[in-house]
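Visitor: structure for the following, please:
(chains A, B and C)
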Amino acid sequence: MKSEPSDCSIDDLAKLPGQSVAWYGVRNYQARNFMRDQMKVGDKVFFYHSNCAEPGIAGLAEVGRLAYPDQTQFDPKNKYFDPKATPETPRWFNVDVKLVKKTRLVSLKELRGHLELERMRTLQKGNRLSITPVDPSEWEFIIGLL
DNA sequence: GCCAACGTTGGC
DNA sequence: GCCAACGTTGGC
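Guide: Residues are numbered from 1 along each chain as shown, chains lettered A, B, ... in the order given. Predicted coordinates for the structure are as follows:
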């Protein structure tokens, strides 16, 4: 799961020990579907810092709550407001996520250096999805780097 | 700030 | 359904 550290960094998450935070604001259908249809409580995720000086994996987190309607879509004052969404027919969903641990920064550059991760979805050219599944083999490999 | 690589929107 | 225009993401 990608987050811009200027928006929510691994340290921000670490300031909320044991607390789940809403992963609101996803406005891409594919990313939404991953959260809504595939993510279960307890699933582990890599917390990735994007759009920053040192992009890369900054920590581990886990799903704390199943997907539910993203509350920001209903609030006209919110930047994520969606006029086409109603509480009866919500369009956007989010899970809650909580910190497992902060790790060393495994940079994008380092990730790209491993042949084992060649096919990793988030490393593919042109990929802009903020949420992507990680293959078990890729997961284990990266855990081994930490 | 630049720009490639998308995804979305809306006219037709 | 097509596709041009536009908006966004995110590395660099």
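
Visitor: C-alpha from now on. contacts and neighbour counts both.
Guide: Fine.

Visitor: show me where pLDDT drops low in chain A?
Guide: With pLDDT under 70 as the threshold, chain A has no low-confidence stretch at all.

Visitor: give me that answer again for 80
Guide: Within chain A, the ranges that satisfy pLDDT under 80 run A:17.

Visitor: show me what from it comes close to DNA strand B.
Guide: A:28-29, A:125-128 (Cα under 7 Å from any atom of the strand).

Visitor: repeat that for 10 Å
Guide: Within chain A, the positions near DNA strand B by Cα under 10 Å from any atom of the strand are A:27-32, A:51-53, A:82-84, A:124-129.

Visitor: looking at those, which are in helices?
Guide: Among the residues of chain A next to DNA strand B, the residues falling in helices (DSSP state H) are A:29-32.

Visitor: helices of chain A, start to end?
Guide: Under DSSP H, chain A gives helices at A:10-14, A:29-33, A:108-112, A:136-145.

Visitor: which other residues reach the second one?
Guide: Pointing back at helix A:29-33 there. Contact partners of helix A:29-33, identified using Cα atoms under 8 Å, 6 or more residues apart in numbering, comprise A:26, A:92-94, A:129-132.

Visitor: on that earlier part again, which one of the helices of chain A lies closest to DNA strand C?
Guide: helix A:108-112 (5.9 Å; Cα to the nearest atom of the strand).

Visitor: could I get the buried residue list for that closest one?
Guide: Neighbour-count burial for helix A:108-112 flags A:108, A:111 (criterion: 16 or more other Cα atoms under 10 Å).
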